[in-house]
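Trainee: how would this look folded up:
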Amino acid sequence: MFTPAQLEQIREQLIRSAGQPKSITVDGETFIQHGLTELIAAYQAVQKMTPKKNGGLRFTKLVPPGAN
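Mentor: Residues are numbered from 1 along each chain as shown. This is a model prediction of the structure:
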């Protein structure tokens, strides 16, 4: 599970990656990073794995019919 701070770091990395080229060649070596769509899909998967504030529980008050 990821903390909100970790999710924020992932989001910031996505923003930095969006502004950089997908591949670059330096001194004959080529460096390639994942495409933006792959990064966004990974971020969305991480968000789905992170528990919600209420843990998925919903509390309601059940009132039987005619109990008014």
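Trainee: Would you map the helices across this structure?
Mentor: Under the criterion DSSP state H, the chain contains helices at 4-18, 36-49.
Trainee: Same list, those helices, but as CSV with mean pLDDT, distance to Thr60 and mean neighbour count please.
Mentor: C-beta: built from backbone N, CA, C; applies to glycine. Converted to CSV, the helices of the chain look like this (pLDDT from 0 to 100; distance: least, Cβ to Cβ, whole Å; neighbours: other Cβ atoms under 10 Å):
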stretch, mean pLDDT, distance to Thr60, mean neighbour count
helix 4-18, 80, 27, 11
helix 36-49, 78, 24, 12
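Trainee: Pro64: which of those is closest?
Mentor: helix 36-49 (36.3 Å; Cβ to Cβ).
Trainee: The helices of the chain into TSV, with extra columns for distance to Pro65?
Mentor: As requested, the helices of the chain are exported to TSV (distance: least, Cβ to Cβ, whole Å):
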stretch	distance to Pro65
helix 4-18	42
helix 36-49	37
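Trainee: and of the ones you listed, who's closest to Leu62?
Mentor: helix 36-49 (29.7 Å).
Trainee: Could you name the helices and strands sitting against that closest one?
Mentor: Contacts defined by 3 or more Cβ pairs under 8 Å, 6 or more residues apart in numbering; DSSP states H and E place helix 36-49 against helix 4-18.
Trainee: who touches the helix it packs on?
Mentor: Applying Cβ atoms under 8 Å, 6 or more residues apart in numbering, the contact partners of helix 4-18 are 2, 33-34, 36, 39-40, 43, 46-47, 50.
Trainee: ditto for stretch 22-40
Mentor: Counting by Cβ under 8 Å, 6+ apart, 13-14, 17-18, 20, 42 sit against stretch 22-40.
Trainee: rerun that using 6 Å as the cut-off
Mentor: 14, 17-18 (Cβ atoms under 6 Å, 6 or more residues apart in numbering).
Trainee: Stretch 61-68 now?
Mentor: By Cβ under 6 Å, 6+ apart, stretch 61-68 touches no other residue.
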